[in-house]
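[1] quick one: sequence and predicted model below, then my questions.
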Amino acid sequence: MGVPSAIEINAWLNEGGLVVTASERAARALTEAFHRARQAEGLSAWPAPNILDWMSFVRGAWEERTADGRLLLNPAQEQSLWEAIAGESRHMATLLAGPRHRLAAMAMEAHERLCAYAPRLLKNTARSSWQRDAAAFSAWLTAFDEACRAGNLLSPARLPLELIALLEDSSSPDERPPLLLAGFDRILPVQRSLFDAWGEWHEPDPGEPSRIHFEEASDAQAELAACALWCERQLAAQPRSRLLVVTQDATARRGEIERAFLKHTGSARLPLFEFSLGIPLSQVALARGAHLLLRWLSGPLAEHELDWLLSTGQAAADAEESMALASSMRALRRRGLERTHWFLAAFISQSPDKMLPDAWVNRMMEAKNHLAEFAHRSQSPLDWAELVPRLLEAAGWPGARPLSSAEFQAAHRWQQAVETAGSLGFDGRRIPWREFLSVLTRTLDEILFVPESHDAPIQITGPAESAGLTADAVWFLGANEDSWPASGPTHPLLPPEVQREAGMPHATPQLDWDLAQAITTRLRTVAPEVHFSFACQNEGLETRPSRLIAQLAGSPQPLPTDLATQPAAPPLTVASGDSSRIPFPPGKAEGGSSVLTYQSQCPFKAFATARLAARGWERAQAGLTASQRGQLLHAVLHAVWGGPPEGIRTLKELENLGDRSAFVAAHVHRALQAEIRPGLRARMPQRYLELEEQRLTRLVREWLDYEATRLDFKVIETEVDRTIQPAGLTLKLRLDRIDRLNDNSLLVIDYKTGQVSTKSWDPPRPDDVQLPLYASFALDPDEELGGLVFAKVRPGDRAFEGRVGDAKATLLANLSGNSNLVKNSLTAEQLIDWRKSIEQLARDFVAGRAEVDPREAPKTCERCGLQTLCRIQEHQAPIETGDDSDGEEENDE
Ligand code: SF4
């Protein structure tokens, strides 16, 4: 069925007719087109057009003809009724709330299909032969009917049937205005019956179909880019044109589509495109903020949720408060107090003194205490819904800043969602706060939010949602064999033969074909220019063109060259090369050796961490983090080699230990007691800490066994503080350990629990300068350097790795000639090279060199964590994030 033209609609309305559209969106589009036409005629005022969508039409007509006082259920109320009925059946799938809720949604949909396609099956007796799941649904339907009768309730799906009966009983059909239908791709059986009972109704002329252009692109990205470019060209040639982009993937590919259209049409103040499909309200910032705040008043938030809440300003009254909250969160993490989940009280009590604004603390505590007055008891969802705005107001949501138009609309939808959750009190139930919050969570997920249309010239919509829309040109994306006609499963709660017989969606391939054909035909009549396109490859798989479109348009043609090869899009921002450098003022740089390691890895990383105090965000863990484990190991080895009275200093003392295991176990026990703060300890199960203690004891014991195979040595110092000044840059270092070897030279040792390699020391851009820096600048110049080594203390992998002057003679006599320590000895040239390269890095840092220039992208960036600050991903292919660093370089300050 085509869409009536503006002239046709105007004439129809002038003669007292009524226009009924298939959807709310179509009614809105036709109403807007009607208003535009009146404005174009130069009118300043005119009566509102009589254009209604199907459900509003049915409901209005029913309400005019009945006054029986039944409550018309809203979707949330109806679903909760189905849920209660399904729950009583004790079916396996209904035992848990989540599956029960989904099953209730399916039952509700099955009921709607019966009402629309096969109302005769609403009678119990007509369903007596149904088996298995269909039989279970049939029993629920019987219970549903009884519940509606007993509670004086009515499902909206029954309204058309009720209205048909009322119309058929009525004796004055001539008083009804004739109907003109718009945007119905198919008329359902119940709709046809109702229109017939109504009296006079018309379908618009199908109109003359346009010729279809059918084009193929190499892949989905090229197809989307060609479509966006085509829209740009159309608007450049005809700025007042209205374009319709139809895609079945508008939800899944929303971000990708937005980027493509912004690239080609994004220079205007308002985007030149808009989506007709909304996003769940739970994903809209304002609603998400309110929901998290409510949850936080009575329970914990995951750390990433809390970080989002505080950093987006959703929990703050103004920008200053927002900054203070975000700083407080950062301070907690800097002190190692991160948690996987945060209760409000814990967050307030743990935050460093004076960091949280008093006004914020008072508001949040007032809201929390206010909720606590009620939270211990069950009450009606209506009462909870009334409490919500009071709680949010007490907490200061949504702050004092003025809301944008979209935020204002979101706040309005939020209030509607709260009222919907509250409407579940229709049956007199009383529920605890926690359950009300679950209902609200589901409601927010189910409500779609579409900001008010700004009448953008490009409308992006789905095939069914495009019903009723007209345009100057249409582009349909994704016309491949698998997607168009769109297929889908039959309904699992209705017998397949019933669905086939009634012609329900997806019951047969022919039905899918007929519907796709009807939509295609409609699209051909709504615009003089219509393009269908498909991608030859999708996610690496070959795809074939839609047979339906090929039948109408012939084989697809390659995209026109001017759409296939895209000229460089004009940049949205003007690049401004900033080559200025801000020298580092005299003084100490925070970060120790890592400052120069980062300067080598990526100058911006050094600048951001040492001068801006930027840090990557590591998720809090339920157990000890890699960094905490590394610190514990360092503490134990520091104590072991710290000398008398508790520790030892020499190989001889190590060999003379009576019970090495007991010696290590005592040190590990003391270290765990001293290093794990009471707050952290209280959050971890006792058994976990015992296992951690056993693991660390075993690891250190194995390491000491390995050290016992060394040639004679003496530990000179552990955890040694040094202040150095390479090229005038002051750095404070902490060396893990310095040994004196049997030839009187010094060995610098650094403990590592992760993977390490001496390749990382190689100039010109070393990946790690820590040990070369110690060796070059931190030792007494009168001492001879015998070597520098990583001590790899890893389960099953204990070894020294590094450069030693004569490793076989001074470190381990049993080394083979092939070992790296023997093959790659320490040389004077190496020391000179390292020194030069380190001094250059220090000069670069002091001079303010801060380019975003990763040493080996994307590998260097993968363990950095500053991507959101340097925005490297805007210039490069996506990078997987991850970090296996154990934070051992953070020994230095
Ligand atoms: S993410 Fe990469 S480019 Fe950005 S600062 Fe880190 S290393 Fe440099």
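    Received the coordinates, thanks.

[2] which residues of the stretch 751-893 of the chain lie near the ligand?
    Contact residues, the stretch 751-893 of the chain versus the ligand (Cβ under 6 Å from any ligand atom): Val852, Pro854, Thr860, Cys861, Cys864, Leu866, Gln867, Cys870, Ile872. Yep, even glycine has a C-beta here, placed from its N, CA and C like the rest.

[3] where does pLDDT dip in the stretch 551-700 of the chain?
    565-578 (pLDDT under 70).

[4] for whichever residue of it sits closest to the ligand, which non-adjacent residue is spatially closest?
    At 3.2 Å from the ligand, Cys602 is the closest residue in the stretch 551-700 of the chain, using Cβ to the nearest ligand atom. What sits nearest to Cys602 in space, not counting adjacent residues and going by Cβ to Cβ, 6 or more residues apart in numbering, is Pro854, at 4.5 Å.

[5] pull the contacting residues for that neighbour.
    By Cβ atoms under 8 Å, 6 or more residues apart in numbering, the contact set of Pro854 is Gln601, Cys602, Lys605, Thr860, Cys861, Cys864, Ile872.

[6] among these, name the ones in helices.
    Using DSSP state H, Gln601, Lys605, Thr860, Cys861 are the members of these that sit in helices.

[7] for this structure, which residues score under the pLDDT cut-off?
    Where the chain drops to pLDDT under 70, the residues are 1-3, 90-95, 172-174, 266-269, 565-578, 874-893.

[8] give me the neighbour count for Leu735.
    Neighbours of Leu735 under the rule other Cβ atoms under 10 Å: 23.

[9] so it sits in a helix?
    No - read with DSSP: H, G, I helix; E, B strand; the rest coil, Leu735 is strand and lies in no helix.

[10] skipping its backbone neighbours, what lies nearest it in space?
    Val720 (4.3 Å).

[11] output the helix or strand harbouring the one you found as PDB, nothing but the C-alphas.
    Val720 belongs to strand 714-724 when elements are defined using DSSP states H and E. Taking Å, rounded to 0.1, in the frame of the first residue of the first chain, the C-alpha atoms of strand 714-724 are listed here in PDB:
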ATOM      1  CA  LYS A 714      77.600 -10.500  50.000                       C
ATOM      2  CA  VAL A 715      74.600  -8.200  50.000                       C
ATOM      3  CA  ILE A 716      75.700  -4.600  50.500                       C
ATOM      4  CA  GLU A 717      72.400  -2.800  50.500                       C
ATOM      5  CA  THR A 718      68.700  -3.400  49.800                       C
ATOM      6  CA  GLU A 719      66.000  -0.900  48.900                       C
ATOM      7  CA  VAL A 720      68.700   1.700  48.400                       C
ATOM      8  CA  ASP A 721      67.600   5.300  47.900                       C
ATOM      9  CA  ARG A 722      69.700   7.400  45.500                       C
ATOM     10  CA  THR A 723      69.200  10.900  44.000                       C
ATOM     11  CA  ILE A 724      70.800  11.300  40.600                       C
END
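
[12] how far away is Asn818 from Asn824?
    As for Asn818, its distance to Asn824 is 11 Å (criterion: Cβ to Cβ, to the nearest Å).

[13] between those two, who's got more neighbours?
    For the pair Asn818 and Asn824, the greater number of neighbours falls to Asn824 (14 against 7), based on other Cβ under 10 Å.

[14] so what's the more buried one up against?
    Neighbour list for Asn824: Thr758, Arg803 [criterion: Cβ under 8 Å, 6+ apart].

[15] and the gap between it and Glu856?
    22 Å.

[16] circling back to that earlier point, just the ones in helices among the contacts of Pro854 now: which is nearest Pro156?
    Cys861 (53.2 Å; Cβ to Cβ).

[17] part of a strand, is Leu306?
    No - counting by three-state DSSP, Leu306 is not part of a strand but helix.

[18] and it, how many neighbours does it have?
    Neighbours of Leu306 under the rule other Cβ under 10 Å: 21.

[19] tell me if I'm right that it and Leu293 touch.
    No - counting by Cβ atoms under 8 Å, Leu293 is not a contact partner of Leu306; they are 10.6 Å apart.

[20] would you mind listing what in the stretch 601-750 of the chain touches the ligand?
    Proximity of the stretch 601-750 of the chain to the ligand, by Cβ under 6 Å from any ligand atom, involves residues Gln601, Cys602, Phe604, Lys605.

[21] among those residues, which two are most distant?
    For those, the maximum inter-member distance is 9.7 Å, found between Gln601 and Phe604 (Cβ to Cβ).

[22] which one's more surrounded, these two?
    Using other Cβ under 10 Å, the more surrounded residue of Gln601 and Phe604 is Gln601, with 26 against 23.

[23] now Phe532, what's its secondary structure?
    strand.

[24] sorry, back to before: now do the contacts for the residue of the stretch 551-700 of the chain closest to the ligand.
    Val852, Asp853, Pro854, Arg855, Thr860, Cys861, Cys864, Cys870.

[25] between those, which is closest to Trp761?
    Arg855 (13.3 Å).

[26] part of a strand, is that closest one?
    No - membership of Arg855 in a strand is not supported by three-state DSSP, which gives coil.

[27] could you tell me how many residues sit around it?
    Count around Arg855 with other Cβ under 10 Å applied: 15.

[28] might one say that it is in contact with Gln599?
    No - counting by Cβ under 8 Å, Arg855 does not reach Gln599; the two are 10.2 Å apart.

[29] surely Gln131 and Pro495 touch.
    Yes - the pair Gln131 and Pro495 qualifies as a contact (Cβ under 8 Å) at a distance of 7.4 Å.

[30] still on that earlier bit, relative to Met364, which of the ones in helices among the contacts of Pro854 is nearest.
    Nearest to Met364 among the ones in helices among the contacts of Pro854, with distances taken as Cβ to Cβ, is Lys605, at 36.2 Å.

[31] tell me the spacing between the residue in the stretch 51-200 of the chain that the ligand sits nearest to and Ala456.
    Among all residues of the stretch 51-200 of the chain, Gly98 sits closest to the ligand, at 38.3 Å; criterion: Cβ to the nearest ligand atom. Distance, Gly98 to Ala456, by Cβ to Cβ: 38 Å.

[32] kindly report the same for Arg127.
    Taking Cβ to Cβ, one finds Arg127 at 48 Å from Ala456.

[33] with just CA atoms, put stretch 405-421 into CSV.
    C-alpha atoms of stretch 405-421 as CSV (Å, rounded to 0.1, in the frame of the first residue of the first chain):
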residue,chain,number,x,y,z
SER,A,405,16.6,20.3,25.3
ALA,A,406,17.6,16.6,24.9
GLU,A,407,18.3,16.3,28.7
PHE,A,408,15.0,17.9,29.5
GLN,A,409,13.2,15.4,27.4
ALA,A,410,15.3,12.6,29.0
ALA,A,411,14.3,13.8,32.4
HIS,A,412,10.7,13.8,31.4
ARG,A,413,11.0,10.2,30.1
TRP,A,414,12.8,9.2,33.3
GLN,A,415,9.8,10.4,35.3
GLN,A,416,7.5,8.5,33.0
ALA,A,417,9.7,5.4,33.6
VAL,A,418,9.4,5.8,37.4
GLU,A,419,5.6,6.2,37.0
THR,A,420,5.5,3.1,34.9
ALA,A,421,7.3,1.1,37.5
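
[34] so how far is that stretch from its chain's centroid?
    Relative to the chain's own centre, stretch 405-421 is displaced by 21 Å; criterion: Cα atoms, centre = their mean, to the nearest Å.

[35] returning to what we had before: now the residue nearest to Cys602, what are its backbone angles?
    Dihedral pair for Pro854: phi -60, psi 140, per degrees, to the nearest 10.

[36] please apply the same query to Leu301.
    The phi/psi pair for Leu301 (degrees, to the nearest 10) reads phi -110, psi 140.
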